[in-house]
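*Asks:* dropping the sequence and predicted coords here.
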Amino acid sequence: MIARIVTSIRRNAVAWLALFVALTGTSMAASHYVVTNVKQIKPSVIKKLHGNRGATGPQGPTGAQGQQGKEGIPGASIKGEKGEKGVTGQKGVEGQAGATGPSGGPVGPTGEAGANGATGATGATGATGQAGATGATGSGGGGGVKAFAHIKSTGKVAGAESEGFGSAIIKVEPKNEEGEAEEGVYCISGLGFEPKNAVVSVDASEIPGVEPIPATPLVTIGKSTTSSCAVSTQITVETDELGFVKEGSTYVLVEEGAPEGFYISVN
């Protein structure tokens, strides 16, 4: 150990001397002065403080062996990157179209029209047959209008708008057993035929205003069971009106007899 120190001093004598002078000189100039920074030393002195590189020391002992790394996955391999797509080849030359095959066979010649046959001779006219006996007269039909009329609310027949009602008798509002007139009841008799059917519609021109609302007339062939018409009545017509009557806090729709003009067709 001492030998190594002596050798180091001999090799770096100049450097040790400079360091000594610098340290002793500073202490002489200023007592108790401590060097705390390299900048306090002259650069020329610092250069001389660097000694020559010492001899390489002996090699240290070999360190302990590190842990073995994890075993790789058996059969695993690194997949290479996908290669670039090749250039598309050029389209081949289109072949020539083949020749058109022959069409069907030739059309045969048109045949000639045959000659018309001769017209046959006209046959002789047969003898006229005897007239048959006249059939029996059929019964009269039940359809068709036999009479029609426009009857006013008063029971009067409008002649210009009527036919077949010349002999008709119309009784208006017959009285019931209590002696009260039945409003809207028309008893028709005296027709020159036996009526089988009748159609009646209200005359809108005789409806007063918009209230009350006229109801569909009730038509009966013969005397109706709800009227006081005579037994000889052929047609009974009853005209009614609809209206609302207040009963308590509600309104009730009621139908009451009322005289109204009408049109009638009879067969």
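*Replies:* Yes, it's here.

*Asks:* now do the helices in this protein.
*Replies:* Using DSSP state H, the helices found in the chain span residues 2-11, 13-29, 43-49.

*Asks:* just give me the lowest mean pLDDT stretch among these.
*Replies:* Lowest mean pLDDT within the helices of the chain: helix 13-29, at a mean of 55.

*Asks:* check contacts around residue 257.
*Replies:* Shown in contact with residue 257 (Cβ atoms under 8 Å, 6 or more residues apart in numbering): 182, 183, 184, 185, 238, 239, 240, 241. To be clear about C-beta, it is placed using only N, CA and C from the backbone, and glycine gets the same treatment.

*Asks:* ok, 6 Å please
*Replies:* 183, 184, 240 (Cβ atoms under 6 Å, 6 or more residues apart in numbering).

*Asks:* tally of neighbours for residue 189?
*Replies:* Applying other Cβ atoms under 10 Å, we find 19 residues neighbouring residue 189.

*Asks:* I misspoke; the intended subject was residue 85.
*Replies:* Residue 85: 6 surrounding residues under other Cβ under 10 Å.

*Asks:* now the residue lying closest to residue 152 once chain neighbours are set aside, what are its backbone angles?
*Replies:* Of all residues not flanking residue 152 in the chain, residue 261 sits nearest, at 4.7 Å (Cβ to Cβ, 6 or more residues apart in numbering). Note on residue 261: backbone dihedrals following degrees, to the nearest 10 are phi -70, psi 150.

*Asks:* what about residue 261, neighbour count?
*Replies:* As a burial measure, residue 261 scores 19 neighbours (other Cβ under 10 Å).

*Asks:* residue 172: neighbour count?
*Replies:* Per other Cβ under 10 Å, the neighbour tally for residue 172 reads 18.

*Asks:* can you name the residues that contact it?
*Replies:* 155, 186.

*Asks:* same thing but at 7 Å, please
*Replies:* 154, 155, 186 (Cβ atoms under 7 Å, 6 or more residues apart in numbering).

*Asks:* identify the residue nearest the first one in space, chain neighbours excluded?
*Replies:* Sequence neighbours aside, residue 172 is the residue nearest to residue 154 in space, at 6.7 Å (criterion: Cβ to Cβ, 6+ apart).

*Asks:* likewise the last one?
*Replies:* Excluding its sequence neighbours, the residue lying closest to residue 186 (Cβ to Cβ, 6+ apart) is residue 237, at 4.3 Å.

*Asks:* I figured the one you found hits residue 201, correct?
*Replies:* No: in this structure, residue 237 is not within contact of residue 201 by Cβ atoms under 7 Å, at 10.9 Å.

*Asks:* higher neighbour count, those two?
*Replies:* Set residue 237 next to residue 201 and count neighbours by other Cβ under 10 Å: residue 237 wins out with 23 against 11.

*Asks:* against residue 163, how distant is that one?
*Replies:* Residue 237 sits 18 Å away from residue 163, going by Cβ to Cβ, to the nearest Å.
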